[in-house]
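Trainee: What follows is a predicted protein model with its sequence.
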Amino acid sequence: MMFPLKQGVFLFIFFQLNLFAQEVKFEFKKNQEFPIQGNQKRRYRVNLEKGELFQLQLLQKDVDIQILAISQNNDTIQKFDSPNGNNGLEIVELSIKKEGTYFFEVGPIIPKRFTDSIKKKYINDINGSYLVSDYKVFSPVEYSKLLITRKAKKDSVIRWIKDRSINIKNVKAETGFKDLKYLEPILKDVQIVGLGETSHGSKEVFQIKHRILEFLVKKMGFTVFAIEASHIGCQSINDYVLHGKGNSRDALTEQGFWIWNTEEVLDMIEWIRNYNISVPKENKVSFIGIDNQMVGLNSAYKRIGNFIRNTKTKNKRLLKIDVDSLFVGLRDKPDRNDMSLYRQNLNELLSYLTLNKAKLIHQTSKHQHDRVIKDLTKIIQGVEVADRRYRKTFDFNIRDEYMSQAVLDILQNGNPEVKIVLWAHNTHISKNAKTIITGKPGSLGSILKNLMNEQYYAIGFSTNQGSFRAMNFNAKERKYDKNAIFKLPPAKEESLDWYFAQTNKDIFFIDFINLSPTKTISTFLEKKRKAYLSGSSWSLDYGISPAFDISPGKCFDGMIFIKETSHSILTPDGEKEIIKRVANNKH
């Protein structure tokens with residue numbers, strides 16, 4: 001029996017290739033949830049007429065699904081899969097060129113790159129579901145009206161972006177501020193400006209962030225530059241920009257992560273140093289890392305080790321841990337699947353330093369004791385962030401929680417009115433508490449927005465095409481094999497980047513806060529759209545461009561669009577760091 005789709009029901013055929021020989025038939029209903037375990041697949045059969053539009057929305061839960069549109073001759077017409085991981089909407093829209101029976105097959109994505117053993121385990125671990133949240137067939141007349149309405153809304157949004165956005169002359173610093181003057185009234189009451197990025201390896205994004213830093217420092221009194229980098233590892237950079245200690249290249253290398261060891265960041269460090277030479281102490285700009293990763297920690301290991309050696313002879317019965325062995329183990333990059341023993345030993349060391357505070361200060365000084373406590377705290381936070389098993393015990397992003405505490409520490413231990421320029425990835429500076437980072441919600445920007453309200457202003461970034469630099473994950477060998485240049489083709493229609501590109505502007509800034517939008521514009525700002533976004537790694541084997549869902553108005557207070565970007569330029573020491581990371585299979 002065939003149920004006509006126009007009345008809201010159609011025949012649904014379910015088959016599981018590896019478990020059942022026979023087909024199981026039942027009626028399909030909107031809002032019904034279907035489990036997917038292993039390599040289960042479900043196929044819907046629909047009779048459609050020429051000129052119609054078939055529309056289907058599936059909400060995937062804990063499983064990455066794809067939908068195949070198949071003709072009655074069993075030819076795959078189109079494949080639908082958004083690069084949004086295991087959760088989120090998969091949307092199907094198929095315009096019908098020929099009357100007939102069509103099939104829509106729903107099943108989990110099984111990456112072709114997997115070897116047999118990995119593939120088998122991957123399939124066995126699949127345990128999710130999807131919900132059919134909506135479906136509809138538009139008649140030819142309805143479809144034609146829908147296209148007209150969509151075009152009108154699309155044109156309206158593009159006109160709004162074009163009219164509201166303000167051109168930026170270029171991305172380079174020390175080229176004047178005339179084209180940035182409009183930022184002054186927008187940011188005049190803001191204490192922290194978050195500057196995002198589309199990737200950790202985009203040259204022009206790095207350059208324009210340098211230019212905005214220059215503007216905020218010279219024109220608006222900002223005196224702290226905070227970056228998504230090791231707090232301890234950045235201390236040498238801070239010593240260089242404030243006091244001229246050492247040199248910029250060695251200081252930059254000491255922070256330990258290749259993504260910042262580029263000529264663009266080096267140019268910014270040199271600018272900060274030259275600026276600091278020319279201004280009084282109260283106007284000097286500090287360079288502070290706010291991240292807690294297990295890189296750039298050698299100076300902390302050394303300070304803590306020396307402190308323990310200088311005091312242990314009189315306290316040896318109270319300390320049972322061999323600190324040197326502990327730190328050697330951390331340097332050797334232990335298995336991050338379970339670091340509970342390291343966490344236990346580090347917390348025992350912290351307990352010793354805290355419980356014996358008076359005696360230890362008497363033997364050394366309060367300054368030395370405070371320094372090693374702070375160093376050890378950062379090491380513990382880094383280990384907790386690295387420990388995959390430990391991270392799973394939280395329903396929020398612990399890394400961003402600790403980064404927010406680092407920002408608050410700047411406010412609490414210095415001038416409470418200090419103004420901070422915050423450099424991090426788009427996902428970190430996002431003010432949307434639902435932004436997912438490494439599988440968990442709770443971005444740094446959302447925490448700051450909750451605490452500081454309008455005193456935090458998040459600027460996201462967008463690009464239409466070009467290239468970026470990242471570590472390549474060799475999917476077949478399951479390892480990082482090189483640092484690669486990834487190409488970005490012109491953004492797909494309907495993506496956020498595509499909308500921005502339709503303005504025909506090369507670079508612009510747009511503010512989302514100080515406006516009275518129409519319903520069409522409000523919907524545009526709140527709706528999730530694809531946008532180019534990558535971290536420190538990607539894979540040449542994925543076969544898709546790095547794009548993720550962004551709701552511009554929910555995530556950012558404003559955005560900067562750069563029509564075409566290119567890859568960042570590594571320093572010689574950055575190249576050496578890449579060699580080490582490839583050898584250790586790290587990104």
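Mentor: In hand now; what should we look at? Computed from a predicted model, the values in this text were never measured in an experiment.
Trainee: Quick check: buried residues in the top strand by length along the chain?
Mentor: Assignment by DSSP state E gives strand 456-474 as the longest strand of the chain. By 16 or more other C-beta atoms under 10 Å, the buried positions in strand 456-474 come out as 456-473. Glycine gets a C-beta too; all of them are placed from N, C-alpha and C.
Trainee: Mean confidence (pLDDT) on it, please.
Mentor: Averaging pLDDT along strand 456-474 gives 97.
Trainee: after it, next one along is what?
Mentor: strand 479-488 (DSSP states H and E).
Trainee: Return the list of strands paired to that next one, each annotated with direction.
Mentor: strand 456-474 (antiparallel) (DSSP bridges).
Trainee: picking up where we left off before, quick one: distance of the longest strand of the chain to the chain centre.
Mentor: Here strand 456-474 is found 9 Å from its chain centre; the criterion is C-alpha atoms, centre = their mean, to the nearest Å.
Trainee: does the residue positioned nearest the centre of the chain belong to a helix or a strand, and which?
Mentor: Relative to the mean C-alpha position of the chain, the nearest C-alpha, by C-alpha atoms, centre = their mean, is the one of T427, at 3.7 Å. Using DSSP H and E, T427 sits in helix 426-429.
Trainee: and that helix, what does it pack onto?
Mentor: strand 192-195, strand 436-437, helix 444-452, strand 456-474 (3 or more C-beta pairs under 8 Å, 6 or more residues apart in numbering; DSSP states H and E).
Trainee: Could you pull up the contacting residues of Q255?
Mentor: 229-230, 233-234, 236-237, 261, 289, 295-296 (C-beta atoms under 8 Å, 6 or more residues apart in numbering).
Trainee: how about 7 Å then?
Mentor: For Q255, the contact set (C-beta atoms under 7 Å, 6 or more residues apart in numbering) comprises 229-230, 233-234, 237, 289, 296.
Trainee: Over to Q55?
Mentor: The contact partners of Q55, by C-beta under 7 Å, 6+ apart, come to 92-93, 135-136, 138.
Trainee: Report the secondary structure state of it.
Mentor: The three-state assignment at Q55 reads strand, by DSSP: H, G, I helix; E, B strand; the rest coil.
Trainee: Check whether K98 sits in a helix, strand or coil.
Mentor: With three-state DSSP as the criterion, K98 reads coil.
Trainee: In strands, which of the contacts of Q55 appear?
Mentor: 92-93, 135-136, 138.
Trainee: ChimeraX command for the buried members of these?
Mentor: Buried members of those, defined by 16+ other C-beta under 10 Å, are picked up in ChimeraX with:
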select :92,135,138
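Trainee: closest to A69 among the ones in strands among the contacts of Q55?
Mentor: The closest of the ones in strands among the contacts of Q55 to A69 turns out to be V92 (C-beta to C-beta; 7.1 Å).
Trainee: residues in contact with that closest one?
Mentor: Contacts of V92 by C-beta under 7 Å, 6+ apart are 55-56, 67, 80, 104.
Trainee: Turn the helices and strands packed on helix 426-429 into TSV, columns for distance to G246.
Mentor: Below are the helices and strands packed on helix 426-429 laid out as TSV (distance: least, C-beta to C-beta, whole Å):
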stretch	distance to G246
strand 192-195	26
strand 436-437	33
helix 444-452	29
strand 456-474	26
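Trainee: now for those, which one comes closest to E33?
Mentor: Among these, strand 436-437 sits nearest to E33 (C-beta to C-beta), with 21.5 Å.
Trainee: what pLDDT, on average, does the closest one get?
Mentor: Computed over strand 436-437, the average pLDDT equals 89.
Trainee: So what touches it?
Mentor: Under C-beta under 7 Å, 6+ apart, the answer for strand 436-437 is 397, 400, 427-428, 443.
Trainee: and with 8 Å instead?
Mentor: 397, 399-400, 427-428, 443.
Trainee: from these, which is closest to K219?
Mentor: Out of these, the member with the shortest distance to K219 (by C-beta to C-beta) is H428, at 25.3 Å.
Trainee: tell me the contacts of the closest one?
Mentor: Per C-beta under 8 Å, 6+ apart, neighbours of H428: 194, 196, 228, 400, 403, 437, 443-445.
Trainee: Give me the pLDDT for G107.
Mentor: 93.
Trainee: Doesn't it lie inside a strand?
Mentor: Yes: assessed by three-state DSSP, G107 belongs to a strand.
Trainee: Now it. Nearest residue, chain neighbours left out?
Mentor: K41 (3.6 Å; C-beta to C-beta, 6 or more residues apart in numbering).
Trainee: Am I right that the one you found is in contact with E105?
Mentor: Yes: at 5.8 Å, K41 counts as touching E105 under the criterion of C-beta atoms under 8 Å.
Trainee: low-scoring stretches of the stretch 1-150 of the chain, by residue?
Mentor: 1-28, 82-84, 113 (pLDDT under 70).
Trainee: If you count neighbours, what's buried in the longest helix seen in the chain?
Mentor: The longest helix of the chain (DSSP state H) is helix 140-164. Residues 143, 153-154, 157-158, 160-161, 164 are the ones in helix 140-164 that count as buried (16+ other C-beta under 10 Å).
Trainee: now the next helix or strand after that helix: mean pLDDT?
Mentor: For helix 140-164, the following helix or strand on the C-terminal side (DSSP H and E) is strand 166-167. The pLDDT scores in strand 166-167 average 97.
Trainee: and strand 166-167, what other elements does it pack with?
Mentor: By 3+ C-beta pairs under 8 Å, 6+ apart, strand 166-167 packs against strand 507-511.
Trainee: can you give me the angle the strand it packs on makes with helix 140-164?
Mentor: 100 degrees (axes from the mean of the first three to the mean of the last three C-alpha atoms, to 10 degrees).
Trainee: what comes into contact with strand 507-511?
Mentor: So strand 507-511 is in contact with 161, 164-171, 182-183, 186, 208, 459, 500, 557-563, going by C-beta under 8 Å, 6+ apart.
Trainee: can you rerun that using 7 Å?
Mentor: Strand 507-511 is touched from outside by 161, 164-168, 171, 186, 558-563, with contacts defined as C-beta under 7 Å, 6+ apart.
Trainee: quick check, distance from that strand to the centre of its chain.
Mentor: So, by C-alpha atoms, centre = their mean, the centroid of strand 507-511 is 21 Å from its chain's centroid.
Trainee: what bridges to A484?
Mentor: With DSSP bridges as the rule, A484 is bridged to A470.
Trainee: May I ask you to confirm that it is in contact with L540?
Mentor: Yes: under the criterion of C-beta atoms under 7 Å, A484 makes contact with L540 at 6.2 Å.
Trainee: Need the residues touching each of the two.
Mentor: Joint contacts of A484 and L540 (C-beta under 7 Å, 6+ apart) are N472.
Trainee: Who has more neighbours out of the two?
Mentor: A484 (20 against 16; other C-beta atoms under 10 Å).
Trainee: Need the pLDDT of the more buried one.
Mentor: Reported pLDDT for A484: 95.
Trainee: got the contact list for it?
Mentor: Per C-beta under 7 Å, 6+ apart, neighbours of A484: 470, 472, 540.
Trainee: Make CSV out of these and add distance to D549.
Mentor: Listed next are the contacts of A484 as CSV, based on distance: C-beta to C-beta, whole Å:
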residue, distance to D549
A470, 20
N472, 24
L540, 23
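Trainee: next one: the longest helix of the chain to chain centre, how far?
Mentor: With C-alpha atoms, centre = their mean, you get 30 Å for helix 140-164.
Trainee: which helices and strands does it pack with?
Mentor: Applying 3 or more C-beta pairs under 7 Å, 6 or more residues apart in numbering; DSSP states H and E, one finds that helix 140-164 contacts helix 496-501, helix 519-526.
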